[in-house]
Structures are given as structure tokens and as C-alpha cells.
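Participant: Sequence and predicted structure below; questions after.
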Amino acid sequence: MQPLKNPFGIIDPNEKPKQYQNNPFDIQNEELNETIKLGDNVVYQEEKQLLFDQSKQQPLETVEDISLLEDLDITSPLLIKSRIMSVLFFQKCDSEYLEDPDLSGPLLIVVSLGLLPLFTGRVHFNFIYGIGVWGWLLLYFLMNFMIQQQGKQIEFYKILSYLGYGLSQIVILSILSLFKELNNSFGYALAITCAIWSTASVSKTFDTILGLQHRRFLIAYPLFLFYCTFVIITIF
């Protein structure tokens, strides 16, 4: 029996058909290192690609990681830093600080004010905490007495926070006292400057939240006396 002839050549019935490794109609997927066969579900291939490509996966839900500081209700260091800078440079305070101030920053400032004199052999913890507590109490009653006609009232912890941040200038003075003797004319001038600096900054904050208007100078006088006591402790 003679082999059949066709226009493309002679077909040998005993010859096995050749098997091509790749179909010319197949699509080569280089990212998955595999070939998409003709007739495969393209949607399935895309889902399979997303399964292995971590950069293209989209989470179904976004879970916010709560930091340890927020969980313990402690203000973050960056927020404390921004509030200290706003007090030092008379920047506009954020609304959160005015409505719900923190006590972490003032506590850190007061502790620093008590620890810094230890480097010069002086211990002022009793004076700082004693004067601080009595001063805060007197200012609390004084401010509420001034604004009671307006039907307003300021909470005690807010006064603690505002006055505490106002001690940032006194901390700077205490740091300078470690390197230079301030019991002289230069130190007195610098101390008065820091006291006025703190008074102006804190009185501006109280004026913003209480609307003191022309009575701002009435609250500025007891504030100046309050910060002068800390200045005297720092110098002597």
C-alpha cells in the first residue's frame, strides 16, 4: 500500500504525529511563569495572578492599629512637642488642645523642672510642687469667679494643662542655669523676660477659650506672679 500524497508532502502511516510543546494560540504569562491555554477562563487566571502577587492584593477591611500610648490614654510625644512649640512661639493652638487638653505634657515639664536643679546640687521638689498646687488652686477660683457672669466655667484639669505648658519657658531658663550663673544682672533680666514670655503665652490661651477681651490684663497679673515664683526658684 502506497502512502497517501497531499500537496504538503507524504504522510507516513507508521510515523507518530509530532507534539508541539507550545500552542501558537497560547498566551505566555511571564509573571506567573506559566502558559494560559486557549479556552481557559481569563478571569480565573487574573484571580490566580492576584493570589500570588502580594502588591496587587487589596485587603477587605482596614484595621487601624491602636498604639500603646493611645490605649493607655497617654498623649503621643509628637503631639506634646507641637503643643510646646505653639506655646513657645505664640502659634495658633489646635482645637483639640483648647477643648480637651492633656496632662502628660505638663507632668513631663514639671518633672523636668524638678530634676534639672539636681545637676547643680539643688533640690527644689517641695517648693515646685507646693507652689504649683496652691497657685493652680488660686487661679482656678479666680478665673471661674471672673467668668461666672458670662455663664461659663473652666475645668480644673484645663487650668493644670495650660499653666503646665506655660512652664516650658522656665525649663529653658533652668537649662541655661546649668551652664551659666544667673544670680546676676544678666540672669535677672533673662528671668523677667521668661516670666513675661510665659504670662503672655498663657494669657493668650485663656483669652481664646474664655473670651476675656479687655479683662485679659486682669488675669495676666496673677499669672505673672505665679511664674515669677518659679523663676526665683530656678535662679536661686
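Facilitator: Nice, thanks for sending it over. Residues are numbered from 1 along each chain as shown.

Participant: list the buried ones in the helix ranked longest in the chain?
Facilitator: Ordering each helix of the chain by length in residues (DSSP state H) puts helix 185-210 first. For helix 185-210, burial by neighbour count (16 or more other CB atoms under 10 Å) applies to 187, 190-191, 194-195, 197-207, 209-210. (C-beta placed from N, C-alpha, C; glycine too.)

Participant: Kindly report the same for stretch 130-143.
Facilitator: Buried positions in stretch 130-143, judged by neighbour count with 16+ other CB under 10 Å: 131-132, 135-136, 139-140, 143.

Participant: average model confidence for that stretch?
Facilitator: For stretch 130-143, mean pLDDT rounds to 89.

Participant: Over to stretch 229-236?
Facilitator: Over the span of stretch 229-236, the pLDDT mean works out to 90.

Participant: which residues sit against the helix or strand hosting Leu176?
Facilitator: Element membership for Leu176, per DSSP states H and E: helix 168-177. Helix 168-177 is contacted from outside by 84, 87-88, 109, 112-113, 116-117, 120, 182, 187, 190-191, 194-195, 197-198, 201, 227, 230-231, 234-235, using CB atoms under 8 Å, 6 or more residues apart in numbering.

Participant: let's see it at 6 Å
Facilitator: Helix 168-177 is contacted by residues 84, 87-88, 109, 112-113, 116, 194, 197-198, 230, 234 when judged by CB atoms under 6 Å, 6 or more residues apart in numbering.

Participant: That helix: which residues count as buried?
Facilitator: For helix 168-177, the neighbour count (16+ other CB under 10 Å) marks 168-171, 173-174, 177 as buried.

Participant: hey, C-alpha coordinates of it in CSV?
Facilitator: Below are the C-alpha coordinates for helix 168-177, written out as CSV (Å, rounded to 0.1, in the frame of the first residue of the first chain):
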residue,chain,number,x,y,z
SER,A,168,8.2,75.5,79.1
GLN,A,169,10.0,78.9,79.2
ILE,A,170,11.0,78.3,82.8
VAL,A,171,12.5,74.9,81.8
ILE,A,172,14.7,76.7,79.2
LEU,A,173,15.8,79.1,81.9
SER,A,174,16.6,76.1,84.1
ILE,A,175,18.7,74.5,81.3
LEU,A,176,20.7,77.8,80.9
SER,A,177,21.4,77.9,84.6
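
Participant: Give me the angle between it and helix 185-210.
Facilitator: With axes from the mean of the first three to the mean of the last three CA atoms, to 10 degrees applied, the angle from helix 168-177 to helix 185-210 works out at 160 degrees.

Participant: List the buried residues for the strand or helix carrying Val87?
Facilitator: Assigned by DSSP H and E, Val87 belongs to helix 77-88. For helix 77-88, burial by neighbour count (16+ other CB under 10 Å) applies to 79-80, 82-84, 86-88.

Participant: Other residues contacting the helix or strand following that helix?
Facilitator: Note on helix 77-88: by DSSP H and E, the next helix or strand toward the C-terminus is helix 95-99. Residues outside helix 95-99 that contact it (CB under 6 Å, 6+ apart): 83, 209.

Participant: So that it lines up with my notes, have the first residue be 35 from now on.
Facilitator: In the new numbering, first residue 35, that becomes helix 129-133.

Participant: circling back: tell me the one among the buried residues of helix 111-122 nearest to Arg249.
Facilitator: Comparing the buried residues of helix 111-122 against Arg249 with CB to CB places Val121 closest, at 21.2 Å.
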